[in-house]
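Student: with the input below, show me the fold.
(2 chains)
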Amino acid sequence: MRPFEYVSPYSRKQAISLLGPTWGNTEVLAGGTDLLALMKDDVVTPKRLVNIKDIADLRGISSDAQGLRVGALTTLGELADNENVKKNYPSLSEALLEAASPQIRNMATIGGNLCQRPRCWYFRNGLGLLPKDESGKELVEAGENRYHAILGNQGEAKFVSPSTVVPMLIAYGAKIRLEGAKGKRELPLEKFFVIPKTESEREHDLRPNEIVSEIVIPPASDLKAAHYEVRQREAFDWPLAVAAVTLKMQGSNVQSSRIILGYVAPVPWPSPEAEHAMSGKPVNKETAQKAADAALAKATPLSHNAYKVKLAKVAVDRAILKAAGGTA
Amino acid sequence: MPDYAWPDAEHRTLIGKRTTRVDSPLKVSGQAKYTYDVHRPGMLYGKVVRCPYAHAKVVSIDTSAAEKMPGVKAVQVVQGPGSNIHWAGDEIVVVAAIDEGTAEDAMRAIKVQYQQLPHLVSDAEPPAGSAQEQGPLSLDDIGDMFDNQVPPRQIVSQIQQYGLSEKPTDDALKEMKEDGAPDEVLEALRSATIHPEAGKGTPSNYQKAATQTTGDPDKAFAEAEVVSEGLYGIPLITHCCLESHGSISEWTDHDHVFTHISTQNVSGIAGQMAEPLNIPATNIHVHQDNVGGGFGSKFSPDRWGIFTAEISKKADGKPVRYMLERDAELKVAGARPSAYARVKVAAKRDGTLTAWQSNSWGTGGPGGGGMPPIPYVFSVPNQRLEHTAIRNNIGPARAWRAPNHPQAAVLTMCALDDLAAKLNMDPVDFFGKNLNLTKARENTYREELAVAAELMGWKEKWHPRPQAIDGIVRGVGLSMHTWGGRGHASDCDLTIYPDGSVELKMGTQDLGTGTRTCILVVAADTLGIPMEGIQLLIGDTNYPPSGGSGGSTTIGGVSSSTRRAAVDARDALFAKVAPALNAEPDQLECKNGRLSVKGDPSRALSWKEACSKLGAMPITVRGKNPDRSKPPDLTNSGVGGVQMAEVEIDSDTGVVKVRKMVAVQDCGFIIDLKTAETQCYGAMIMGISYSLYEEKVMDPTTGRMLNPDMQFYRLAGFSDIPELVVHMMTGKGYDERGVIGLGEPPVISPGAAISNAVANAMGVRVPFLPLTPDRVLTAFEQKGRV
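Tutor: Residues are numbered from 1 along each chain as shown, chains lettered A, B, ... in the order given. Next up, the predicted model:
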């Protein structure tokens, strides 16, 4: 085993002081459901592991005028079963319960879920986030890309963003709060995810010496929402396409909406095209399908994943109808 | 001559009934010990440097830094400079250290230089004109065949058919013998025809076998009333044993080894380890309590089993544990060869099958691989068979539960199902009409088809293939299969002690199939005492040898040797007790733990009282199965089975769900109905996995496996497993045939049955397994929809 230092601070301040200014040397350990597997597979090799599980004020769920505040260490299981979440954000609860397995949901934290690394099988086999061979040939493009990106894939990043919960959080308008050496900052959750251009960049806007402290989900009582996953297995599986939708209605027409796709691009993929297509329209089979077509109009599938365009359309279509209370 | 025959239905107390497995409580409570659970005092941990390239030559190895590391006890080169490596993940160096972390660090400190060579990891259809006629074999070819565990008989026949490109030197032959090559192969190599002109130039990855023709296929196709053509295939999958391969070995003195190993072949391991370790087989003690899956991949100690023992010797005999990591298990510990074919099949308008032509290909890794037995089950009168073996760097193949049969079932039953659709016939009628071509099992299949159709509700569910589809579509499909399954050689020692206790020893293994339970059922029923009254000891070379658990041979083997031992022991006891009851031995019987004179229950003794008449000496007898060259008595060979599947497909996503499966199976005389049924349940679950999910995915550029893990090497989970219905054929026509194995048969048909159900639902064939959404959607698009 590669030797590494293990530190277990009790405060955010201590934790931040133990993190370094660059990626690669330190990793933050919370639930460990992703990080430990990456370390065992030698994909990440930190010199220092900062365990944040003992920082009490990173836990817990509360609500205030801004909405629901969820501490970064809250487990997926706790969040899914929270009465407030079940009552006011039922589609989030559903998305959480479709993720992973009960054992993993009992360990994995929401902060970790946002920061988990891509499930790309080239990355997981140690071939890199933007995998290339010695001659510089891009392995994903030339290889087995059946699960890879169909949108936002014009650069070297071809993996898909791994969280199945994030699209729903973005659709609900969640914000992420970060805390680092340079102080605190807050971002709309969708701005937290970025497409890396080089191997040394990461796929989120977390700085190496920052931690996720909490997420805030605004009140959603005026929203209709739904989450839809296309997946092959009913048992624990990574989906082939995800769509999360919130609709704000005015009478029987959509006033505004958020339509976010998952598992289609290196980042969670908000679709202004689909949102625009729904604007001012009633929800029915025809409008939902038009929105789905609009969401995927600019898709650029790779050699083996054109089928995902169809699946992503189905996910958007079904999520919109489900949100409006129609059949999914 | 003692009467070993199986008792008739009125005289069975346990045999043929439904007995729950004796080891269930241990397994569900986690108390059952597997090799993976074994930890020996002072144990060292092995780790292996594996080649990252799919095809390479080892140039140099530097282990000096690793050897100096504190905690590292031994380092051993497995394949030294000059070695040719044929797949990514092959073993190069092994280290043993005081803990796993140190061993890993040492592994990383070893520097190996490779010369990379061009690789092929695809098994796509051979490009036109690429295939070479199979020519003389090189010694490398022979080595590949050994690596791929091609049966010696087949190697000999290949050598005799094609000859060799070079004469093997005495040293080469000696080396092969040391590596465990059987004498028959060495003899074939010595007497082979040599073709020195061949073998020059680069051999093609594609080797075409000689065309096989039966009858007059050209005439039959010319006269055919209906012809169906199609493309079918089944990919290369891994065994994915949940307990990986591996062992813990130690030297108890300078020439004795004690090995815990995860194996299907307890009695056969010592013999395979003896020569490489240079000690007699008698000095190798092998033990295993439980095994977490083998499926045909655990008959040999393997290269890693040998080097674990060798490196233990280097480390002063300390126990060394090396169990394969999950990724290694999936990369190198075996795979089921792929098989694909373009098939043309013809019939008369009334459905009578007349002709078959297939152009098949597939791979089993570097060794290529043979043609599955097609056309399967049905001996079509006119046939032409062409096959091209692809030799590539996808990794080594091994026997996978019913070797070559699931492949044959997919290629055959799917082609026949498409022909039935073209004939506008219900497949039950079409298959039924041609049962005369199944020869020996004709009546069995006829009965099974009727039972299966009833249990599936086939009449209500089957519909002609739809012209157009929309939304959720449903369909049903069927397949048929066959297997041998005669019992293997097995010896069994049964001892009755004067205190009434009974001990049964056998060097067999329980693969999780209920072997322990079945042995106890036979022994207890025969002796007339409860199962709890017998102590059963298996899984150790200190017990009489019993065959490896492969080819569905175990139940026939162990039930037969147990029956013999129990009958002999019982008769010996009767002889001792008869005077005390004032009767002749043949007048006695024992039931429910009471030994009495037949027809006079008042003249009786309890089992314990009866055994006390033995005096000081226990009775020990050995049950020994007759030589396999003699006709079998208690066991037999040859079964038939029919399976049906019902699927539901979301035509927008292409996601296939199996909704119901029915297995109707014959296996002769059944020892324990419950464990027989559970064999079929397990096989159907395994079948659903390989039909919908499993595939060894290879990266074309790096030649590496991309899914050597449990997240992308998908297996069915609980919620993917539907209603499963099993019906075992029993009674007249079945019971009198004797015991026949069941391990393989029920896993053969699921692929074809599910694929046929999908074709029935969609109106179009998805050519290849696994039936993934991308493939289903592609097929939908070709068809067009509403």
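Student: list the contacts of the residue of the stretch 401-550 of chain B found nearest chain A.
Tutor: Nearest to chain A, among the residues of the stretch 401-550 of chain B, is B:Gly471, at 10.8 Å (Cβ to the nearest Cβ). In this view, the C-beta of every residue, glycine as well, is placed from N, C-alpha and C. B:Gly471 sits next to B:Asp650, B:Ser651, B:Asp652 when contact means Cβ atoms under 8 Å, 6 or more residues apart in numbering or on different chains.
Student: if we only consider the residues you listed, which is nearest to chain A?
Tutor: B:Asp652 (4.8 Å).
Student: which non-adjacent residue is nearest B:Val93?
Tutor: B:Val49 (4.2 Å; Cβ to Cβ, 6 or more residues apart in numbering or on different chains).
Student: that neighbour: which element?
Tutor: Per DSSP states H and E: B:Val49 is located in strand B:44-50.
Student: roughly how far does the spatially most distant residue from the centre of chain A sit from chain B?
Tutor: Here the centre of chain A is the reference, and by Cα atoms, centre = their mean the most remote residue is A:Ser135, at 32.5 Å. To chain B, A:Ser135 is 9 Å away according to Cβ to the nearest Cβ, to the nearest Å.
Student: surely that residue is within a strand?
Tutor: No: counting by DSSP: H, G, I helix; E, B strand; the rest coil, A:Ser135 is not part of a strand but coil.
Student: please enumerate the strands of the stretch 51-200 of chain A.
Tutor: Per DSSP state E, counting those that start in this stretch, the stretch 51-200 of chain A carries strands over the ranges A:61-64, A:67-71, A:175-180, A:183-188.
Student: show me which residues of chain B sit near chain A.
Tutor: Neighbours of chain A within chain B, by Cβ under 8 Å from any Cβ of the partner chain: B:100-102, B:104-105, B:108, B:327, B:652-655, B:657, B:692-693, B:697-702, B:704, B:706-709, B:711-712, B:714, B:716-720, B:772-774, B:777-778.
Student: what helix or strand does the residue of the stretch 1-150 of chain B found nearest chain A sit in?
Tutor: Nearest to chain A in the stretch 1-150 of chain B, going by Cβ to the nearest Cβ, is B:Gly101, at a distance of 3.0 Å. Using DSSP H and E, B:Gly101 sits within helix B:100-109.
Student: could I have the CA atoms of that helix written out in PDB?
Tutor: Written as PDB, here are the backbone C-alpha positions of helix B:100-109 (Å, rounded to 0.1, in the frame of the first residue of the first chain):
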ATOM      1  CA  GLU B 100      -0.800  -7.100   1.500                       C
ATOM      2  CA  GLY B 101       0.300  -3.500   1.500                       C
ATOM      3  CA  THR B 102       4.000  -4.400   1.600                       C
ATOM      4  CA  ALA B 103       3.500  -6.900  -1.200                       C
ATOM      5  CA  GLU B 104       1.800  -4.200  -3.300                       C
ATOM      6  CA  ASP B 105       4.600  -1.800  -2.700                       C
ATOM      7  CA  ALA B 106       7.200  -4.500  -3.700                       C
ATOM      8  CA  MET B 107       5.200  -5.300  -6.800                       C
ATOM      9  CA  ARG B 108       5.400  -1.600  -7.800                       C
ATOM     10  CA  ALA B 109       9.100  -1.500  -7.200                       C
END
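Student: how about that helix: buried residues?
Tutor: Buried positions in helix B:100-109, judged by neighbour count with 16 or more other Cβ atoms under 10 Å in any protein chain shown: B:Thr102, B:Ala103, B:Glu104, B:Asp105, B:Ala106, B:Met107, B:Ala109.
Student: so the second one sits right up against B:Lys47, yeah?
Tutor: Yes: with the criterion set as Cβ atoms under 8 Å, B:Ala103 and B:Lys47 qualify as a contacting pair; they are 3.8 Å apart.
Student: intersection of neighbour lists for these two?
Tutor: Contact criterion Cβ under 8 Å, 6+ apart; residues shared by B:Ala103 and B:Lys47: B:Val95, B:Ala97.
Student: who's in contact with residue 311?
Tutor: Unless you meant another one, I'm taking chain A. A:Val230, A:Leu240, A:Ala241, B:Thr653, B:Gly654, B:Pro773, B:Leu777.
Student: not quite, go with chain B.
Tutor: Neighbours of B:Ile311 in contact, by Cβ under 8 Å, 6+ apart: B:Gly46, B:Ala74, B:Gln76, B:Val94, B:Val95, B:Ala96, B:Val320.
Student: apply 6 Å and report the result again.
Tutor: B:Ile311 makes contact with B:Ala74, B:Gln76, B:Val94, B:Ala96, B:Val320, according to Cβ atoms under 6 Å, 6 or more residues apart in numbering or on different chains.
Student: among those residues, which ones are in strands?
Tutor: B:Ala74, B:Gln76, B:Val94, B:Ala96, B:Val320 (DSSP state E).
Student: can you give me the strands in the stretch 1-150 of chain B?
Tutor: In the stretch 1-150 of chain B, the strands defined using DSSP E, counting those that start in this stretch lie at B:44-50, B:56-62, B:72-77, B:84-85, B:91-97, B:111-116, B:132-133.
Student: for the stretch 251-400 of chain B, same thing?
Tutor: Using DSSP E, counting those that start in this stretch, the strands of the stretch 251-400 of chain B run over B:256-261, B:284-287, B:320-323, B:335-336, B:339-347, B:353-362, B:382-390.
Student: winner for burial among these?
Tutor: strand B:335-336 (a mean of 28; mean count of other Cβ atoms under 10 Å in any protein chain shown).
Student: run through who's touching it.
Tutor: Strand B:335-336 is contacted from outside by B:Leu236, B:Ile237, B:Thr238, B:Gly395, B:Ala397, B:Trp400, using Cβ under 6 Å, 6+ apart.
Student: what's the nearest residue to the fourth one if we skip its chain neighbours?
Tutor: This points to B:Gly395. Using Cβ to Cβ, 6+ apart, the nearest residue to B:Gly395 is B:Trp87, at 4.4 Å.
Student: let me know the pLDDT of that neighbour.
Tutor: Note for B:Trp87: predicted pLDDT of 97.
Student: how much space separates it from A:Glu214?
Tutor: For B:Trp87, the distance to A:Glu214 (Cβ to Cβ, to the nearest Å) stands at 49 Å.
Student: thinking again about what came up before, redo the strands of the stretch 51-200 of chain A as TSV? Include mean neighbour count.
Tutor: Formatted as TSV, the strands of the stretch 51-200 of chain A follow (neighbours: other Cβ atoms under 10 Å in any protein chain shown):
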stretch	mean neighbour count
strand A:61-64	12
strand A:67-71	22
strand A:175-180	20
strand A:183-188	12
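Student: so for the helix or strand where B:Val185 lies, mean pLDDT?
Tutor: B:Val185 is part of helix B:183-190 when elements are defined by DSSP H and E. Across helix B:183-190, the average pLDDT comes to 88.
Student: list the contacts of residue 152.
Tutor: By default, I'm working from chain A. Contacts of A:Gly152 by Cβ under 6 Å, 6+ apart are A:Ala265, A:Pro266.
Student: that was the other one, I meant chain B.
Tutor: Contacts of B:Pro152 (Cβ under 6 Å, 6+ apart): B:Pro182, B:Glu184, B:Val185.
Student: how many neighbouring residues does B:Val766 have?
Tutor: If you count neighbours by other Cβ atoms under 10 Å in any protein chain shown, B:Val766 ends up with 24.
Student: using the three-state scheme, assign it.
Tutor: coil.
Student: quick check: it vs chain A, distance?
Tutor: 13 Å.
Student: how about that residue: what's its closest non-neighbour residue?
Tutor: B:Ala779 (4.6 Å).
Student: from the contacts of B:Ile311, which two are the most distant?
Tutor: Maximum pairwise distance in the contacts of B:Ile311, criterion Cβ to Cβ, is 10.4 Å, between B:Gln76 and B:Val320.
Student: the stretch 101-250 of chain A: helices as residue ranges?
Tutor: A:102-105, A:110-115, A:121-124, A:139-142, A:166-171 (DSSP state H, counting those that start in this stretch).
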